[in-house]
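Undergrad: Based on what follows, work out the 3D shape:
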Amino acid sequence: MTAVRVGTLATRRVGAALAAGRLNLHLGPFSTALQSHSAKVTRYFCDLYRDCLVTLNEDEIVDYTLRVGAPNLLRRFVRPQIVPDPGFHFPALPLPAHMAPLALEMGMNLTAALQCFRFVMFHAGVVAKNDNAVMIAAHSGGGKSTLTAAMMEAGYRLLSDEFAILHRSRPVLQPYPRPVSLKNASIDVVQAFAGNDAVSTRLEGTPKGTIAYRRARRADVEAMNQVAVPKLLIFPHFTDGRQPGVTQVEPADAAMRLVAGSPNYQVVGEAAFESTMAMFDSLACYEISYGNTEDSVRLVEDLFQETGA
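TA: Here you go, the predicted structure:
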């Protein structure tokens, strides 16, 4: 079946395909068969993935499968819960049913992070301009997603909010443009400069507080097969009201930090080491500290220009 954009399909048809387990998402380098009976998953998917390509074919060969549903029959009806099931045992915490969008995104992360060995995966946001990429690596809550979303508004295309996906054979990054996950105060910050329509699905009371999602733009999705060369690696540190500052990071130190956030580096082994070292041959690495979003964007843009990208 020919791939079509989610936004061209009626919500009812998407929901039926999801319930039957015959909706296959084709995004970046991965194809994922999705299944869910949750109306909340259907509405979220139709909204946040509306520019993405899908096929409706249960017999299609795909990279991954993901079911998002109740952990057992009882929890489908009594105090309903929902959990991502990537097709292998993983101790995922069941969530209240209204958090179905979070379960979907968690599941999408799991399927790629724990089953992909064609690429080397790092936990980082990635944006690009003129096919030169900026990698943004930080611990949870460190400002990675806020800065990623801010760079989108500064004219950079989104490759990924979650993964820097490095080819094993050459030092280029593969896009995987899914929604940008925003937490707590960053939601209003991003909504202020990206607009109300860009940010959707606010979920209260999650394990990480309040969560919402910044939609990947159609142009980002259309460029999902356009690789970018990593030129700049940023470790952001946000503290409210802090004066902006920049500190250069030695490549060896930066590599250790980046590898520590990789879900598959140890498994890929020698090929991961070689491709990572090749990437660092032309990668400038910095820590930036700042107290507001405007300063963070200015710092990154200045450093990006200094790389000659």
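
Undergrad: May I ask which helix or strand of this protein has the lowest mean pLDDT?
TA: Within the chain, judged by mean pLDDT, DSSP states H and E, the helix or strand with the poorest mean is helix 74-77; its value is a mean of 86.

Undergrad: all strands for the stretch 51-200 of the chain, in order.
TA: Listed in chain order, the strands found in the stretch 51-200 of the chain under DSSP state E, counting those that start in this stretch are 53-56, 64-69, 81-85, 95-96, 119-123, 125-129, 132-136, 157-160, 163-167, 173-174, 180-183, 199-206.

Undergrad: would you turn the ones you listed into TSV with distance to residue 268, mean pLDDT and mean neighbour count?
TA: To be clear about C-beta, it is placed using only N, CA and C from the backbone, and glycine gets the same treatment. Rendered in TSV, the data for these read as follows (distance: least, Cβ to Cβ, whole Å; pLDDT from 0 to 100; neighbours: other Cβ atoms under 10 Å):
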stretch	distance to residue 268	mean pLDDT	mean neighbour count
strand 53-56	28	97	20
strand 64-69	17	96	21
strand 81-85	24	94	22
strand 95-96	31	94	18
strand 119-123	6	97	25
strand 125-129	18	97	25
strand 132-136	18	97	25
strand 157-160	18	98	28
strand 163-167	10	97	24
strand 173-174	14	98	24
strand 180-183	25	94	23
strand 199-206	31	92	16
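
Undergrad: can I get the ones you listed in JSON lines with distance to residue 214?
TA: What follows is these, written out as JSON lines (distance: least, Cβ to Cβ, whole Å):
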{"stretch": "strand 53-56", "distance to residue 214": "20"}
{"stretch": "strand 64-69", "distance to residue 214": "21"}
{"stretch": "strand 81-85", "distance to residue 214": "21"}
{"stretch": "strand 95-96", "distance to residue 214": "21"}
{"stretch": "strand 119-123", "distance to residue 214": "18"}
{"stretch": "strand 125-129", "distance to residue 214": "11"}
{"stretch": "strand 132-136", "distance to residue 214": "14"}
{"stretch": "strand 157-160", "distance to residue 214": "9"}
{"stretch": "strand 163-167", "distance to residue 214": "16"}
{"stretch": "strand 173-174", "distance to residue 214": "20"}
{"stretch": "strand 180-183", "distance to residue 214": "4"}
{"stretch": "strand 199-206", "distance to residue 214": "5"}
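
Undergrad: can you tell which of those strands is closest to residue 216?
TA: For the strands of the stretch 51-200 of the chain, the distance to residue 216 is smallest for strand 157-160, at 5.5 Å, taking Cβ to Cβ.

Undergrad: packing partners for that closest one?
TA: In terms of contacts (3 or more Cβ pairs under 8 Å, 6 or more residues apart in numbering; DSSP states H and E), strand 157-160 is packed against strand 125-129, helix 218-222.

Undergrad: now the angle between strand 132-136 and the first one, please.
TA: If you take axes from the mean of the first three to the mean of the last three Cα atoms, to 10 degrees, strand 125-129 sits at 160 degrees to strand 132-136.

Undergrad: what does strand 125-129 rub up against?
TA: For strand 125-129, the external contacting residues (Cβ atoms under 8 Å, 6 or more residues apart in numbering) are 133-137, 144-145, 147-148, 151-152, 155-164, 173, 175, 180, 228, 304, 309.

Undergrad: could I get that strand in CSV with only the CA atoms?
TA: Output in CSV follows, covering the C-alpha atoms of strand 125-129 (Å, rounded to 0.1, in the frame of the first residue of the first chain):
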residue,chain,number,x,y,z
GLY,A,125,18.5,16.7,20.8
VAL,A,126,19.7,17.5,17.3
VAL,A,127,18.9,20.5,15.0
ALA,A,128,20.6,21.5,11.7
LYS,A,129,21.1,24.4,9.4
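
Undergrad: Give the partner strands of it in its sheet and their orientations.
TA: strand 132-136 (antiparallel), strand 157-160 (antiparallel) (DSSP bridges).

Undergrad: would a markdown table of those strands with distance to residue 95 be doable?
TA: As requested, those are arranged in a markdown table below (distance: least, Cβ to Cβ, whole Å):
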| stretch | distance to residue 95 |
| --- | --- |
| strand 132-136 | 27 |
| strand 157-160 | 23 |
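
Undergrad: Which is the succeeding secondary structure element to the lengthiest strand in the chain?
TA: Using DSSP state E, we find that the single longest strand of the chain is strand 229-238. Towards the C-terminus, the helix or strand next in line after strand 229-238, according to DSSP states H and E, is strand 245-248.

Undergrad: so what does that following strand touch, helix or strand wise?
TA: Strand 245-248 makes packing contacts with strand 284-290 when contacts are defined by 3+ Cβ pairs under 8 Å, 6+ apart.
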